[in-house]
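# Compute the structure for the input listed below.
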Amino acid sequence: RMKEVLMGYQKENVNCVAFGDIFLEDVRKYREKKLSQAGMKAVFPLWKRNTANLTREFIDLGFKAIVTCVDPKYLNSSFAGKFIGNEFVSSLPPNVDPGGENGEFHSFVFDGPNFKKKIGVSIGEVVLRNGLYFCDLLPG
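Numbering: from 1, shown residues only. Here you go, the predicted structure:
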C-alpha cells in the first residue's frame, strides 16, 4: 500500500520524502528500503542532532504538542496528556530523552508556525493499554 501511495506522488514529480527520525538506525534503513522500492529517496534532516537542542528549538518556534503515550518503564502515567513546553522538559528524569527518541513517550503536534490552522483537540481519558499509558485526544 505504501508503494502504491508513493508511486502516485512520484507521478507528481515528488522524488524524495523527509522524515524526522534522529537516532534509530533500523527505522532509517526500513524507510530507505521502502522508498527505494518506489524509486524515491529518504531524507533525514534531523539525523544525529542533539535532541535537547531540537526540543528547545521546537518549543521556541511556537510548536504545540501533547504527550499521547507514555512507557511506564521511563515515566509515570501523570506525563500522559501533558503539553510539551519548558516546564515539561524540566520535569523529565535525567534518563529520559527530551524528545522521547528512545520510546519513552510519543506526542501529537497540533499547532505550529507552519500550520494553516490549529487542530482542535482536548484531553481525554488516560488508560493503560498493552503495557503503555495512552491519553485519548478528543475533537475540540
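# With only the CA atoms kept, save stretch 125-139 in CSV.
Extracted as CSV, the C-alpha positions of stretch 125-139 are listed here (Å, rounded to 0.1, in the frame of the first residue of the first chain):
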residue,chain,number,x,y,z
GLU,A,125,-9.1,9.8,29.5
VAL,A,126,-5.6,8.2,30.3
VAL,A,127,-5.8,4.5,30.0
LEU,A,128,-3.3,1.6,30.3
ARG,A,129,-3.3,-0.5,27.1
ASN,A,130,-0.8,-3.1,26.1
GLY,A,131,1.6,-2.0,28.9
LEU,A,132,1.6,1.7,27.9
TYR,A,133,-0.3,4.7,29.1
PHE,A,134,-2.3,6.4,26.4
CYS,A,135,-4.0,9.8,26.6
ASP,A,136,-7.1,9.9,24.4
LEU,A,137,-7.4,13.0,22.3
LEU,A,138,-10.9,14.2,21.5
PRO,A,139,-12.1,16.7,19.0
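# List the buried residues of that stretch.
Under the neighbour-count criterion of 16 or more other CB atoms under 10 Å, stretch 125-139 has 126, 132-135, 137 buried. In this view, the C-beta of every residue, glycine as well, is placed from N, C-alpha and C.
# residue ranges of the helices in this protein, please?
2-10, 25-37, 51-60, 86-91 (DSSP state H).
# weakest of the ones you listed by average pLDDT?
Here the lowest mean pLDDT among those goes to helix 2-10, at a mean of 88.
# Where does pLDDT dip in this structure?
Along the chain, no part satisfies pLDDT under 70.
# Recalculate using a threshold of 90.
The chain contains residues with pLDDT under 90 at 1-4, 6-7, 10, 24, 38, 140.
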